[in-house]
Structures are given as structure tokens and as C-alpha cells.
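Trainee: 3D, please:
(one chain, ligands or ions: 1)
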Amino acid sequence: MMPNRVFAIVLLFLLALGVSPAAAQGRAETTLAEGWRFHLGEVRGDATAAGFDDAAWQRVAVPHTWNKVGNYAVTRRPDANTTRGVGWYRLRFTLPANAAGKRVYLQFDAASIVADVWVNGRKLGRHEGAFSRFRVDATDAVRPGENIVAVKVDNSKPDPGSPTEFVVPISGDFFMYGGLYRPVSLIVTGQAHIDLLDHGGPGIYGRITTLNDAAATVAVLTRLRNSGRVSAVTLRTRIADGDGRQVAQAEQRFSLAAGTATARETALTIARPRRWNGLDDPYLYRMTVELLGRGGAVLDRVEQPLGLRTVAVDADKGFLLNGRPMRLNGVNRHQDRQEKGWALTQADHEQDMALIEELGANSIRLAHYNHATPFFDLADRNGMVLWAELGLVNLASIPGKADTPPAMKANAEAQMVELIRQNYNHPSVGVWSIGNEITNWASKGLTPSNARPLMNALNAVAKREDPTRPTTIAACCEVLPGEKDDGRDRTAGTADTVAYNLYYGWYTSGRVADAARLGAVMQGYHRENPTLPVGVGEYGAGGAISQHTDNVHGGKIESIYRPQAEEIQAVVHELSWRELKPLDFLWGTWVWQMFDATSDLREEGDSSDINTKGLVTFDRSVKKDAYWFYKAAWSKAPVLHLTGRRYVDRAYPVIEVRAYSNAPEAQLSVNGRALGTAACADFVCVWPGVRLVPGENALVATAAGQTDRMTLRYTGPERAIHVRTGTLEGVTLAGGTRYGSDDFFDGGLGFTLNPYQRELYAAGQQRKAARVVAGAREPRLYASWRTGKAFRYALPLPDGQYRVTLHLFDPAETAPGKRVFTVTASGGAPVRIDPVAKAGAGMTATTVELPATVRGGTLTLDFAGVVGEALVSAIDVVAR
Ligand code: GCB
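Mentor: As a prediction, the model looks like this:
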């Protein structure tokens, strides 16, 4: 036996070499992180040849990506690199001395998108797919001493003829980073070994066959490969509990024929099992399989996590963990972050998980592809239920083809197998998703394709690979409940469950209040298909932390452009969750998305190349208001959070103050003056009509022992108010007059003159020429309007005499008499307005002045249509 101290020294030595301790036990794994050379683009000469001169190439460490995309500015970062194409990597490495006579593999945890690998000039293989682990057998290519590995990766767009043409996903709004963006390692093991060429999987797979309070039975399947001579082996399978104590063991002796691959299954029983029970008790066992040779020598050894639990989904009860209903309150996560793109570190994964845990979520959808193993490990340990997804997005076929080309189908199926084998042993994985929004895109200007055959085939692969877990598909854009079927392929029903991606309050109608439709829509889907478990795979809204609005209902949202006020995102979530929470039949809901993420198709909010729907910023530094809403709704920790704290300089002296809390009620004071108690219904506590004093205002909220503070400023006039109507965006004119965004209204709807044209943008066409209002000295006061048969403004102003100026134009009518309305200001007589008659033409600016007398602190303006609807674009009120 090795004395402890000597063992420790040997271990330290191995660790210093980057060799895993398993080296001493049959398998040695060395991480190849440092010393790589990288070249972006094709090379002249043969970069695969050992003698190729790469001295001029860039030195990099792996994980690495050459792309840099996404920043918080309205112009793309100057150092952005969105290049999609070929990148070359080369590394000189020394073969460990103990590799003689053994098998040598190179393991790539991911390489994006297509990778070709050579060692010492010999081609070892190609892998197609950006997200899964693969290995190549380098045994016959390596030599003692120095070796050179060359890898050509290619993340070209999937254009016709590109090597990525049939490699899924071929669509999606996220950026496909290029490079060796996950770790690379060298594995040395015995000639007879646990299979390393099993679709990137661990080669051992534990399946729970029975589970009750008395006992659990686990069938452990081990795939073996013998590249050497015939040998007598022992396969020893052990299970240890969380303290490392062995609780079950089995041994099988047999002879492995030369040059064969085989599989063995053995059943182990664990008495009085402790279940893996989500956040409440994510208890883990560990499964170890050793292949022993003559005299008990360890030829190979693999360890994997094991969690004892069952998962199921029911159309009425939702998701069941260990037989008990458990509503999955989840978030979507992409694998990227600012500066690093996809090349994440362990610390990055840990930070993401910590933020999700703090939020109080119990589930994560790994959008839209296979994520890195460390994140699955964290989910196992923390009790998160994962939705693990195949990277197949939007398109079931290539443009111009109705049926999925065989090469694309084969690639999707191969990646499905990889996803499942590589993550099979993680108890955290609750469902396998076969794709995202694979819909027949006829109405989107894309070639219609038949989606169902591919999805049925992928579901069959998933069920064959893993009959123990339910499958799902994220569906969107389908016929709404109760609507006439438009004949397009629907994918709901191709998997065991479905989850709809629904953006009410955002893309749908562009009005926040629309989020309140979500519940009825989901009830409709449930009613139409009562045996199919339904969930919500995505819902959400964009939020920019530097953009603010005075009233989220003031106008139409710019769903893929600017601005995107933080307050809007928060309210969309408030309304959505109010709808979703009571629906017990839902098997889960997932916020889109936990973090802002790269999307080079977008110019949103205050960012470039970022999808702004994160609850947390791209760099993880700021938790947006919406984050705190969910923390209040989901977390067990006491929460009290004043919203709108980043909107410091307020446009109006009277505001609505809101806080998120899981306390029943909260108190507010402003500058030390108590403003009373608000009930926190559905986690939202509201104090309407809070008056700010000129200068700084200290707001303090308290609830159940919690305190939160924020400072707001009001530096505007006391006896004047300026409102930009029909819009969510305020403006300050060159002369210094500041207009808040539309507020203090009751009734009517806001419209924008030149909304960002999403449909044209999506189709890659030019924007239409902007519509121009003639005669507008200040066009920004004529860029939007509020309209309606009857609406009212109630403007908070001190008592006194005022002059009201209305800015308006007619965006639709061109002849007098087609639109006539009256406006009545407090203390005045109705004034009749015909915008076209007054301006002399349609689309032409005019102003209307009227006096007003304020008594009781409110100036009212009542708009009433006489012919057609009333409208107004901006309102100035100043003291007379
Ligand atoms: C979706 C997609 C997701 C997008 C999201 C959005 O439906 O599944 O990939 O990022 O919508 O923000 O539009």
C-alpha cells in the first residue's frame, strides 16, 4: 500500500502536470489549454503538416473563440469580430511517457461548427455540430515525444455549398461563435477500455428500473471496446453515497475478444434510497465503473453522477418529480456572456447558476442546444430541473426545399444521440427537447417546409435512446386556439409534451396590456388538446437599463429596436406571471431569458447585437427590475425592491412608485414623510400619485423587516408640464424643454409615426422612407399621437391660471371635415378642432391654444370625437 504522504505527493505532481488523478487508475486525462496557435481564415501551405511554420500565428489558450459580438451602445463595438468562416488551431504537445502501448484519444468538449482534426499530418476525423463533445482515436498517429495536433474549425453561415449547409441549427437569432470554445484534452487509457467513441458519451449509463422507499434498482450499461489482444477482464460497478460510502457493487468476469466493441449491463440494488429531490434535496450518489485486467490492474475507470428520481409529465397535473406534482418555474439560458462569447470558464458557469438559484427558479431551459457538462453538474448538485435541447431551430429544411434533406436529417439525428448519451446520467435532466419553433414558415416569407416528418423521427430517436424521460418541443407561431387552421404543419404532438413560446405584451400587438391574454390562450391550448401536457417555453420582453418611460401603457413597443424601457419588461412579466401562476395544468414555464445574450440580428434597447430580454445584463453585473419581480414571486428569501431606481432624473413631479415584495404589504416614505401602506398583491406594491419635491428625493420602502431605498430627482418646472403623447419615449428639445413620455391619460391609444418596420427588417429589405409631418418646427413633437373617441388627461399642477398648447396633425385624413373633435380644459369651454382644416392639409403640423384654470391640483383635458376620433401629439401647459 502506498503511504499516504507519498500518495499525496504523487497526486500533487500529477495535478501539476494537468493530469487527472485517474491516471493512477487506468485512465489519464490531460487538459490541453495553453500553448495553442491560432489563425483566422484559410492558410497558404499545409497547416496540417507537422513541419508547417505557425510562428506568426496568434498565441491563444483554449477555450477560445475569435468572435466578439455584443455591447451596450447604439453602435457596434469597434473591436467586434463577427467573422464566420475558417479558423485554424495548432498545438505541440508531448505524449505522456506512460502512453506506450495504450490507447490515445483527443477529446473536444465542443468545436464550432464543423471541425477536422489531424495529428502529425494524419487526418483523424471530422465532427459536424457546434455543441457536442467528440473524440478522435489518435493512437496510430501519435509518436513518443513531441506531437502536433491541427484543427480546422468552420463556423460559416449555412449557405448552399458551405460545409455547414446541413448542420443544424441552420437558423436562429443567436450568434454562432466559432472556435475551440470548450476544453480540449488528451486521454490515455488501456487497449481494453470503456468506449470513448460512444457519441461523446461517458460509455456508462445508469438507468433506474425500480425506485421505492425500501430499495432502488439501477441497471448500469457499460460499453466496452477492446483494441488489443483477447483478454480476460473484470467489470466492477460500484455505487457510493454522498459521503463516498459504497452502497452497492457488482462484478462481472468475461473475456473480451480482440478488436471488438461490446456492451454489458448489470443491476445494482440500493437499500433505503435517498431520492434526488430537486431544490429540496438534490442528493447525489456516484457511479464508478472499472475495467480490471490481469491481477486486478485497472485498465480503465469512469465515474458518473447518479440521482435516484423519477420524472413524468401529466396533462392535468403537470410535471411530476418522484410522483409528486412540481410546477417548473424556469428561465432560459444561452451559453454566452459579454467579452467571452461562448468561451466560458467554470467560474462563469457557477456565477450563472448562483444567479438563477438566487432568483428562486427551480428549472432551466438550456436554449437552444447542448450546453457544457459543468453546467449540468451544477444543476445536479443544486437540484435544478433541466430542459436539455437539441440545437434545431426554426427550419426543418434548407431554403427552397419542402422536405428535410437526408444529410440534414442525419445530422439532426446524430446530434440528438449525442445530446442524450452525453447527458444521460445527469439526474437534473427532466426532459429532452427535439427542437425550437420548427414551424412551417409559409407566412414568414420563407420557403414552406414539412416539419412533422423530421420531428417525428427525432422524437423516435429520443425515445429509443432514453425511454425514461419525457420529450418536448418548443412551438410557436401556430394557429391560436379557436382560430381556423391555416393548413400549416403544426409540431405540437410530435413529442410527449409541448411548450409554447408566446410573446403577448411584446411582439403580439406591441402593447404591454396584451400580456394579460396569456392565461386565456394557454387555457385554450389545454382545452383543444386535453391529453397533451402544455407549458410555456418562452415569454418575456426587452429591457434596457438606461432607457425609461413614465407610463408603460403610453404607446407601442419597439420590439426589436429602440428604445426598450426597463419598466416595460418588468410590467410584461408582472402581467404574464399573474396569468400563468394559477394554471395548475401547465407543466412548466420558462422566462425568455435569464441573461441578455448575443444576437447579431438585433439593434435593441441601448445595445448592439444583443437580445435584451435578459433579467440580468450580458456581463451579469445588473439585475434588472424584472429579476426582482421573479425573486419576490419565486424565492423563499424575503424580498423588497423599489423599481425604477435607475430612472433617477424624473420628467414629472408626480409619479407612481412601485416595489416588488413577497410580504403582504409595504410602507413607503418620501423625504421622511410616511406615504402609507400598500398591499403587495401578486408581489407588486403600488403607491400612485407620489409627489416629488424639487431636487433630491429619498424614497424608503419597508416590509416585514426589509428596507429598500432609492433616490430620485426632479429638477423640472413647478408650474408647467410638457407631455409627449402616444409614445413611451420622452424627449428634451434643443432649448432645454423636457417632455416626459405619455402619462396622466385615461383612454385612447398611442401610435408612432415611424415605427421600426419589423417585418421588413426580418425579410432583410430596406426600410420604407420615413413619413414626414410638414411644417413641424420640432418634428419630435409630431412623431406620435394619442387617439380615441374619448380620452382624458389629468395633469398634476398647482392651482392657478395656465395656457395649454396642443401640438397635433392628422396622420390619416387629408380633407377637412373628416375628423372633428372637441377639447375641454378645466374651467374652460369646449374647443372644436378639425386638424386638416386648421393645418391646411393632412400630415401637416398645427397647434391649438386654450386657457385653463386649475382648482384642486389637477388640470383636466377632455378629448371627444365628433366626426371620427380625437387626437393629440404633444401637450404644453405653462402658467399664465
Ligand atoms: C423566440 C426564440 C428565441 C428568441 C426569442 C426572441 O421565440 O425561440 O430564440 O431569442 O424568441 O427574443 O425573439
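Trainee: C-alpha from now on. contacts and neighbour counts both.
Mentor: OK.
Trainee: In the stretch 451-600 of the chain, mark out all the strands, start to finish.
Mentor: Using DSSP state E, counting those that start in this stretch, the strands of the stretch 451-600 of the chain run over 471-475, 497-501, 534-538, 588-591, 597-598.
Trainee: Mind listing the strands the first one pairs with, and their directions?
Mentor: Going back to what we said before, that points to strand 471-475. If you go by DSSP bridges, strand 471-475 pairs up with strand 429-436 (parallel), strand 497-501 (parallel).
Trainee: Switch those strands over to TSV; also include mean neighbour count.
Mentor: Converted to TSV, those look like this (neighbours: other CA atoms under 10 Å):
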stretch	mean neighbour count
strand 429-436	27
strand 497-501	24
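Trainee: May I see those strands organised as CSV, with mean pLDDT and distance to residue 320 added?
Mentor: What follows is the strands paired with strand 471-475, written out as CSV (pLDDT from 0 to 100; distance: least, CA to CA, whole Å):
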stretch, mean pLDDT, distance to residue 320
strand 429-436, 98, 10
strand 497-501, 97, 13
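Trainee: So for residue 635, which of these sits nearest?
Mentor: Nearest to residue 635, of all the strands paired with strand 471-475, is strand 429-436, at 21.0 Å by CA to CA.
Trainee: And for that closest one, what's in contact with it?
Mentor: 311, 368, 376, 385-394, 416, 420, 423, 455, 458-459, 462, 469-475, 495 (CA atoms under 8 Å, 6 or more residues apart in numbering).
Trainee: between that strand and strand 534-538, how big is the angle?
Mentor: 70 degrees (axes from the mean of the first three to the mean of the last three CA atoms, to 10 degrees).
Trainee: Redo the strands paired with strand 471-475 as JSON lines? Include distance to residue 45.
Mentor: Output for those, formatted as JSON lines (distance: least, CA to CA, whole Å):
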{"stretch": "strand 429-436", "distance to residue 45": "40"}
{"stretch": "strand 497-501", "distance to residue 45": "48"}
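Trainee: Of those, which is nearest residue 580?
Mentor: Nearest of the strands paired with strand 471-475 (CA to CA): strand 497-501, 12.5 Å.
Trainee: picking that back up, can you tell me which of the contacts of strand 429-436 end up in helices?
Mentor: Counted as lying in helices by DSSP state H, out of the contacts of strand 429-436, are 376, 416, 420, 423, 455, 458-459, 462.
Trainee: can I get those in CSV with pLDDT?
Mentor: CSV is the format used below for the ones in helices among the contacts of strand 429-436 (pLDDT from 0 to 100):
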residue, pLDDT
376, 99
416, 98
420, 99
423, 99
455, 97
458, 98
459, 98
462, 98
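Trainee: Can you name the two of the residues you listed that sit furthest apart?
Mentor: Spanning the widest gap among those are 376 and 455, at 24.9 Å by CA to CA.
Trainee: tell me the secondary structure for the nearest residue to residue 346 once chain neighbours are set aside?
Mentor: Setting aside the residues directly before and after it, residue 346 is nearest to residue 374 in space (CA to CA, 6 or more residues apart in numbering), at 6.8 Å. The three-state label given to residue 374 by DSSP: H, G, I helix; E, B strand; the rest coil is helix.
Trainee: How many residues are close by residue 374?
Mentor: 14 (other CA atoms under 10 Å).
Trainee: measure it to residue 349 for me?
Mentor: In this view, residue 374 and residue 349 are 7 Å apart by CA to CA, to the nearest Å.
Trainee: now residue 271
Mentor: From residue 271 to residue 349 the distance is 34 Å (CA to CA).
Trainee: out of the two, which sits in the busier spot?
Mentor: Neighbour tally, residue 271 and residue 349, criterion other CA under 10 Å: the higher count belongs to residue 349, 18 against 15.
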